[in-house]
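Chemist: Sequence plus predicted model, see below.
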Amino acid sequence: MPRVSNPNVLPALKVCKNPHCGSVATSFDGFCPAHAPRRHLKGYNSRPRVPRAARNPIGVELEMQNRQRLNNLTTVARFVCSDGSIGYDGGEIKLVQDATKISNLAADTAQRAALAGCEVDKRCGFHVHLGLDSEQYRTIHNSEAVHRLYAAVKRVEPYFFDIMPRSRRRNQYCTTVDSPSSLFNHYSWVSLSRRVPTIEIRIHAGTTNAWKVKAWVEVCIELKKYFCDAIGDFDMGSYSCNWRFSQNLATGTLAQKYLLARENAGGSLAKFGF
């Protein structure tokens, strides 16, 4: 399993703002669990606002267990919501940031959640919402473009289902795309939103591994480029039958290293980058 060569990519952990405490700050406002202000989970329909400076916004949803610990990870700008699919004790951390910053923010979030005692199980997922500008949004909902996107999704679907854990292959909240219209099914592994201009990728399992989170967000950003190219002009004949998406990525990038590690692990990857 390849190791990540530069551990300094992840944000440095900070110390609790309480002057009498030297513990790691796990809450976003800079306190450890013992000194973090008490907060309640926000309603499920709440979501963070897109930063004004974000030209290419990406949303990340990290589902985790241990609701009590999740309460220590909330601020006004980062929402923690309840989610019926992961049980009463679970919650979903929602983040939105520009594509240039989101992988580090999401990795930092996962790292702090793990330190705070949050955990994941087979019910938890890790979803990435790829923002579309107004022109992309209009184009992608064109009937012909939807059919081209469907062809592109089916081209990579076997690959991604093969490298992910079994819990994501037989999951009612992460289903295969069986027709162009199923791209609008919220629980398809790739889905189009009619309400919010995004493409959602739902196939990754829940995790508190910061390196996995960072790498997968970067994979999804590459997936967006692939899908947008496909919408413009997709030729099924240009891809071989054994085409792997890792071949589409620049050599040596974190995203490619992660996909290659998953390919070699056969769907199970306990650790990555540590």
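Modeler: Thanks, I have it. Numbers count the residues shown, from 1 in each chain.
Chemist: and the helix or strand residue 135 falls within, which residues are buried?
Modeler: Per DSSP states H and E: residue 135 is located in helix 134-140. By neighbour count on 16 or more other CB atoms under 10 Å, the buried set for helix 134-140 is 136-137, 139-140. C-beta here means a position set from N, CA and C on the backbone, and glycine is covered the same way.
Chemist: Tell me which two of these sit farthest apart.
Modeler: Within the buried residues of helix 134-140, 137 and 139 form the most distant pair, 7.3 Å apart (CB to CB).
Chemist: can you confirm residue 204 is in a strand?
Modeler: Yes - checked against DSSP: H, G, I helix; E, B strand; the rest coil, residue 204 lies within a strand.
Chemist: ok, now which ones touch it?
Modeler: By CB atoms under 8 Å, 6 or more residues apart in numbering, the residues touching residue 204 are 125-128, 164, 168, 216.
Chemist: Looking at the residues you listed, which is nearest residue 25?
Modeler: residue 126 (23.2 Å).
Chemist: part of a helix, is the closest one?
Modeler: No - using three-state DSSP, the assignment for residue 126 is strand, not a helix.
Chemist: hang on, isn't it packed against residue 63?
Modeler: Yes - the criterion here is CB atoms under 8 Å, and residue 126 meets it with residue 63 at 7.0 Å.
Chemist: where along the stretch 1-150 of the chain do the helices fall?
Modeler: 67-70, 102-115, 134-140, 143-163 (DSSP state H, counting those that start in this stretch).
Chemist: most neighbours per residue, which of the ones you listed?
Modeler: helix 102-115 (a mean of 22; mean count of other CB atoms under 10 Å).
Chemist: low pLDDT regions in the chain?
Modeler: Counting by pLDDT under 70, the ranges of the chain that qualify are 1-12, 28, 37-54, 74-79, 233-242, 266-268, 270-271, 273-274.
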